[in-house]
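J.: Here is the input, now give the coordinates:
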Amino acid sequence: MASRPDDAAALQTDQIDEPREAVVVGVGSGVLRGSRADGIARFLGVPYASAPFGPLRFAPPSAHPGWSGERDATRPGATAPQAPYGGGLEQVLPSVAVAGDEILNVNVWTPETGQTAPSPAGDGVGGSEAPAEGRALRPVLVWVHGGALSRGANALDSYDGSTFARDGVVFVAINYRLGSEGFSVLEGAPLNLGLLDVIAALRWVRHEIHAFGGDPEQITVAGQSAGASLIAAALAHPDGAGLAGRAILQSGPLAARSRERAGRITRLIAKDLGIAAERDAFAAVAPDDLVAAQLRVTAGTTPVTGGPGFALAIGDGLPDPEAALGAGAADAIPVLIGSTREEARLWLEPTGLTARISALHLAAARLNFKIRGATMRVYRRNRPGASRGELFGALATDLLLRLPINRLADARLRRGAATWVYEFAWSSPRLGLGAAHCMELPAVFDRLDAADGLALTGGEAPESLAGEMHDAWVAIARHGDPGWERWTADRPVRTFDTETRTVLGPREDERASWD
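T.: Coordinates of the predicted model:
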């Protein structure tokens, strides 16, 4: 596998610059040496499965063979092959690359666990203490990152779990295979390998989290964007049943595609490289060369304007997640689900696409998605003076996310399943982003002052916003209830803004117009 620059340390300086004491725990694969400071222990780059390369490439995840001695768990683990964001998105969405093959790894932040290890002579720390036996186990939150199934990593500073550990929650951030490695549709290979990785990680957490002070019976799985899509798929997949007791879905499309539609990007990459869309042919191509081909065939496309992209494929045990969840899968677990108010602005504003959306683009969208004239009139009436690009963004936001969220909440309500719906409405002044996709992340992690958060918010987000949102996520992990009214026929939506409040049926005329 071609090496990639190890720049994660630059983004994770909080994990290596402070004076820390070494701390060890034992898991099924061996002993881990992490670090601890300020009452929080960190174990980074912990493998939950074997490296998916060589003979294991394009194969389901398999158990890690283990190691002897103590494994260093003080630095982030390897990241999946990917390319940085471009086209303007690099201004707000960071990337990180850590070289290595063991990309199927987790990072764990936990309030006090393990045994302090003797430290190297002269570093000023040391000693020992009893392990955490006898202490009450803590709730667990497992984070699945987003990135359109082609980017992202648990090594990003955005996903530092210190604030959750500070508040008594064991936080686990996972990596999974991305792009061609994880979501190709190939003859001779299983579908949705990245999803199988997520399920394997959840299984590892359930089996091993007690070593970190976590309660395997109190696991909440949370994710944003593609991460939320993967969670929905894991809840619908038979192998994912029972691995989590609560779920938080942030801005994630719920549907999967047919094998034929999901395989479009695989066929385009195969054509670009002059090979067959088969496992052996793809396995003969270096991972970085697959990434380069992916960039060529997706040039100029976005999730809201269309074009080839990676998607979950229906088959090999995976039903359409939206249909399965709507029919009752996961009814037994509490679900918190929501979106930002202006999701599409992430792809329209930094890229300059808003100004380039023409009447022809809008007409094509109306035709493609069968948008009625009555719906167009309601959206125009509610946005006097809006440009075509702004109108396009509002329609795309609701079509891709808000409408499916409402449909799922309504379906669960009919069966009495516990559901809470939120909307992130605070508007960032940076680059015209407003309440764009990803804007809630700095608030969820209560890290408004981190570099990744400042790139999105411009430093203008109120501290109260982060406090309220983060506390609600902690409450779900602890109690299975975020602290506001469940979804009912009145359609209560917790609206996170400068002033957070519950709104009944926000923009109900627009939602109803699609019916």
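J.: contacts, neighbours, all on C-alpha from now
T.: OK.
J.: Tell me which residues touch residue 470, please.
T.: 443-446 (C-alpha atoms under 8 Å, 6 or more residues apart in numbering).
J.: Could you do residue 181 as well?
T.: Contacts of residue 181 (C-alpha under 8 Å, 6+ apart): 57-58, 193-194, 287.
J.: Which ones among the residues you listed lie within strands?
T.: In strands, judged by DSSP state E, none of the contacts of residue 181 are found.
J.: okay, these in TSV with neighbour count, pLDDT and distance to residue 90 next?
T.: Formatted as TSV, the contacts of residue 181 follow (neighbours: other C-alpha atoms under 10 Å; pLDDT from 0 to 100; distance: C-alpha to C-alpha, whole Å):
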residue	neighbour count	pLDDT	distance to residue 90
57	18	98	29
58	27	98	29
193	24	98	27
194	26	98	24
287	20	98	22
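J.: hmm, back to that, quick check: PyMOL command selecting the buried ones in the contacts of residue 470.
T.: Restricted to buried positions by 16 or more other C-alpha atoms under 10 Å, the PyMOL selection for the contacts of residue 470 reads:
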select buried, resi 443+444+445+446
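J.: circling back: got CSV for the contacts of residue 181, with distance to residue 74 too?
T.: Below are those laid out as CSV (distance: C-alpha to C-alpha, whole Å):
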residue, distance to residue 74
57, 27
58, 29
193, 28
194, 25
287, 26
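J.: Among those, which one sits closest to residue 396?
T.: Taking C-alpha to C-alpha as the measure, residue 194 is the one of these closest to residue 396, at 26.1 Å.
J.: Find the nearest non-adjacent residue to the closest one, please.
T.: residue 182 (4.3 Å; C-alpha to C-alpha, 6 or more residues apart in numbering).
J.: Buried by neighbour count: which residues of whichever strand or helix holds the one you found qualify?
T.: Assigned by DSSP states H and E, residue 182 belongs to helix 179-183. Buried residues in helix 179-183, counted by 16+ other C-alpha under 10 Å: 179-183.
J.: Can I get it in PDB, CA atoms only?
T.: What follows is helix 179-183 as a C-alpha-only set of coordinates in PDB (Å, rounded to 0.1, in the frame of the first residue of the first chain):
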ATOM      1  CA  GLY A 179     -14.300   4.800  -1.400                       C
ATOM      2  CA  SER A 180     -13.400   1.900  -3.600                       C
ATOM      3  CA  GLU A 181     -11.900  -0.100  -0.800                       C
ATOM      4  CA  GLY A 182     -15.200   0.000   1.200                       C
ATOM      5  CA  PHE A 183     -18.100   0.600  -1.300                       C
END
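J.: So what's the gap between that helix and the chain middle?
T.: Here helix 179-183 is found 16 Å from its chain centre; the criterion is C-alpha atoms, centre = their mean, to the nearest Å.
J.: From the contacts of residue 181, which land in helices?
T.: 193-194, 287 (DSSP state H).
J.: Of those, which is the nearest to residue 246?
T.: residue 194 (21.0 Å).
J.: For residue 391, give its distance to residue 223.
T.: 28 Å (C-alpha to C-alpha, to the nearest Å).
J.: Repeat that for residue 97.
T.: For residue 97 relative to residue 223 (C-alpha to C-alpha), the value is 20 Å.
J.: which residues in the protein form strands?
T.: Assigned by DSSP E, the strands in the chain fall at 21-27, 30-37, 40-47, 70-72, 105-111, 115-116, 138-144, 170-174, 214-224, 246-250, 335-340, 419-424, 492-496, 501-504.
J.: what's the angle from the second one to strand 40-47?
T.: Between strand 30-37 and strand 40-47, the angle formed by their directions is 150 degrees, by axes from the mean of the first three to the mean of the last three C-alpha atoms, to 10 degrees.
J.: does the residue nearest to residue 222 when sequence neighbours are not counted have beta-bridge partners, and which?
T.: Distance criterion C-alpha to C-alpha, 6+ apart; nearest residue to residue 222, sequence neighbours excluded, is residue 248 at 4.5 Å. Beta-bridge pairing of residue 248 under DSSP bridges involves residue 222, residue 336.
J.: Residue 248 reaches residue 223, doesn't it?
T.: Yes - between residue 248 and residue 223 there is a contact at 6.5 Å, judged by C-alpha atoms under 8 Å.
J.: higher neighbour count, the two?
T.: residue 248 (27 against 24; other C-alpha atoms under 10 Å).
J.: picking that back up, what residues are up against the residue nearest to residue 222?
T.: Counted by C-alpha under 8 Å, 6+ apart, residue 248 has contacts 220-223, 228, 335-337.
J.: which intervals of the chain have sub-threshold pLDDT?
T.: Scanning the chain for pLDDT under 70 picks out the ranges 1-19, 113-134.
J.: What is the neighbour count of residue 360?
T.: 9.
J.: Would you quantify the distance from it to residue 369?
T.: 14 Å.
J.: which of the contacts of residue 470 lies closest to residue 426?
T.: Once C-alpha to C-alpha is applied, the member of the contacts of residue 470 that ends up nearest residue 426 is residue 443, at 10.4 Å.
J.: The closest one - nearest residue in space that isn't next to it in sequence?
T.: Residue nearest to residue 443 in three dimensions, not counting chain neighbours: residue 466, with 3.9 Å by C-alpha to C-alpha, 6+ apart.
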